[in-house]
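Chemist: need a structure here:
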Amino acid sequence: MYEFKDEFERKEKKFKIYIFLFVISVLINTFIDFDDLGIKREVYSLLFFCFILYFGLRRKLWAEVIIKFFVWLNIILLFLIIIVKVLGL
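Modeler: Residues are numbered from 1 along each chain as shown. Got it, this is the predicted structure:
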């Protein structure tokens, strides 16, 4: 179906926000896990995330779904961590 200009711009803005949040969450996870995991595993995970980002920027549907899933997973985990820290569990 055809889209109006404002619909396309809204989808494009939403896509750019997901890409930005994906990159930020990957960088944060890399720095957090760097001490726990070995350098070899970190390189593999960065290569995997670069692979997903590459195909996400090429607008492959499966990569966009993985990016959205990863972003929402990190948002949920962030809220859980905040709740645990505040409640002192």
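
Chemist: Spit out the contact partners of F22.
Modeler: Listed by C-beta atoms under 8 Å, 6 or more residues apart in numbering, the contact set of F22 reads F49, L53, G56, I67, F70, V71. (Each C-beta comes from the backbone N, C-alpha and C, glycine too.)

Chemist: Quick one: classify D35 as helix, strand or coil.
Modeler: Put simply, D35 is coil when judged by DSSP: H, G, I helix; E, B strand; the rest coil.

Chemist: and the gap between it and E42?
Modeler: Distance of D35 to E42, given as C-beta to C-beta, to the nearest Å: 10 Å.

Chemist: ok, now K13?
Modeler: The gap separating K13 from E42 is 32 Å, by C-beta to C-beta.

Chemist: Of these two, which one has the most company?
Modeler: E42 (16 against 10; other C-beta atoms under 10 Å).

Chemist: distance of I28 from F51?
Modeler: 19 Å.

Chemist: Then N74?
Modeler: Counting by C-beta to C-beta, the separation of N74 from F51 is 18 Å.

Chemist: Comparing these two, which residue is more hemmed in?
Modeler: Per other C-beta under 10 Å, whichever of N74 and F51 has more neighbours is N74, with 17 against 12.

Chemist: Let's verify the closest residue to that one other than its chain neighbours: helix, strand, or coil?
Modeler: Nearest non-adjacent residue to N74, counting by C-beta to C-beta, 6 or more residues apart in numbering: S25, 4.3 Å away. With three-state DSSP as the basis, S25 sits in helix.

Chemist: And S25, what's its pLDDT?
Modeler: pLDDT, S25: 90.

Chemist: from what I can see it touches K68, true?
Modeler: No. The pair S25 / K68 is not scored as a contact, 11.7 Å apart, by C-beta atoms under 8 Å.

Chemist: Low-confidence regions, the chain specifically.
Modeler: Along the chain, segments meeting pLDDT under 70 span 1, 37.

Chemist: Mind jotting down where the helices sit in it?
Modeler: Ranges of helices in the chain, per DSSP state H, are 5-33, 39-57, 61-87.
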